[in-house]
Structures are given as C-alpha cells and as structure tokens.
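Student: Structure, please.
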Amino acid sequence: MAEPVTIARPYAEAAFKLAREQNALPAWSDALELINAVVADAQIAALIDAPNVGAAQLEGVIIGAVGNNLSGEARNFVQVLVQNRRLSLIVQIRDMYESLRRYHEGAMEATVVSALPLADGQLQSLVATLEKKYGRKITAKVELDPKLIGGLKIMVGDKVIDATVRGKLDAMAAALTH
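Tutor: Sure, this is the predicted structure:
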C-alpha cells in the first residue's frame, strides 16, 4: 500500500493550485486548518471509518460542523475528500499544502535535531548558513534527541544533513566493511 504522504500529495497540490489561482493562499491555509480541527474531533473521527456511515452523511456532518466558515471551493474539496475516502489524510494534506505555500513565498522550514539545546547564537548562525546555501528565508525548529551522541541532524525540505557523531561512526563502519 502507498504511503499516506504519497496519496495526500495530489490533493495538496490541487488545493495549492486552486488557492494560487484565486490569490487566496492564507484563506486556504485557514480552511485546511479548520477541516483538520473538525476531523480531529473524536466523535467525527469515529464516523470517518464507520462502515454504516455513508459518504453523504459524513459530508453533511463535516459541512455542518464548519458552518459558513468555508468557501464554496473548500466545501467542494471536503466533498472530494469524503467521496474518495481521503478525509483521514487531512493532516498530511494540510502539512504538504503549507510546505508548498512556504516554498512559493520564498521560505523553507528546517528541523534541527540536537542532543543538547542550542544557544541562540548557534541557531542564528546555522540559520544564516542555511539561508545562504538555499537562497531562501529559513525558519528553524529545534528538536532534542538525547540518543544522539553529539552533533546535529538538519532536515530542510527533502534533504537531510547528518552531522551527528553517530552518523559519522556509521559512515566509517560502512567504509571499513566495503
């Protein structure tokens, strides 16, 4: 079976294309966040996979829950997701849409994984280096992973820079065995 992100990609790209054509990127971000919040509700989440709930019923519940807070196109998007049984992928669709939006607006997000907290100066220096490398505005979030021996793992878009001690040890081990 395909990965959820692979299945979600065409929906995110379609929403992004429509939002760009309408010059409504922020409105679509809000709409996808609202749909996600509704689908995350425990009662509605239970209905998504319930075999006795038809697509029309589920669609009515979702549209009823969001009220008049969605545009006609966003309501149609909900209908497509329900009919194709893809409503459970809304988190991936929203995240991918936001990634496309950031890229379109000239920004990228980086995730920095470190064993220890980074000082503000270290993070600012790292962000400046990444902005120079990618030629885009970078927003960084730091995650702590005490399992790392030392160093950093940096994920920008679909690129991973592994500058951890564990990564270097693994690379040396692979070089020695081959």
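Student: Tell me the secondary structure of the residue lying closest to V113 once chain neighbours are set aside, please.
Tutor: With CB to CB, 6 or more residues apart in numbering as the criterion, V113 has its nearest non-adjacent residue at 4.2 Å, and that residue is K153. From N, CA and C alone the C-beta is placed, and that goes for glycine too. State at K153, reduced to three classes by DSSP: H, G, I helix; E, B strand; the rest coil: strand.
Student: can you pull the buried residues of stretch 147-156?
Tutor: 148, 151-154, 156 (16 or more other CB atoms under 10 Å).
Student: Stretch 4-16: how far from the chain's middle?
Tutor: In terms of CA atoms, centre = their mean, to the nearest Å, the centre of stretch 4-16 is found 11 Å from the chain centre.
Student: Nearest spatial neighbour of P117, chain-adjacent residues omitted?
Tutor: Nearest to P117 is L144, by CB to CB, 6+ apart, at 6.6 Å.
Student: for that neighbour, which residues make a bridge with it?
Tutor: Beta-bridge partners recorded for L144 (DSSP bridges): S114.
Student: Likewise for M108?
Tutor: Using DSSP bridges, the bridge partners assigned to M108 are I138.
Student: for the chain, what spans make up the strands?
Tutor: Along the chain, the stretches classed as strands by DSSP state E are 107-114, 137-144, 151-156, 159-164.
Student: Compare the mean pLDDT across these and name the weakest.
Tutor: Among these, strand 159-164 carries the lowest mean pLDDT, at a mean of 83.
Student: Would you give the sheet partners of that one, along with the direction of each?
Tutor: Applying DSSP bridges, strand 159-164 is found paired with strand 151-156 (antiparallel).
Student: Run the angle between the strand it pairs with and strand 137-144 for me.
Tutor: Following axes from the mean of the first three to the mean of the last three CA atoms, to 10 degrees, one obtains 140 degrees for the angle between strand 151-156 and strand 137-144.
Student: Strand 151-156 to strand 107-114, inter-axis angle?
Tutor: Put simply, strand 151-156 runs at 160 degrees to strand 107-114, going by the same axes, to 10 degrees.
Student: In contact with the nearest residue to R86 once chain neighbours are set aside, which residues?
Tutor: Counting by CB to CB, 6+ apart, Y11 is the residue found nearest to R86 once chain neighbours are left out, at 6.3 Å. Neighbouring residues of Y11 by CB atoms under 8 Å, 6 or more residues apart in numbering: 77, 80-81, 86, 89, 93.
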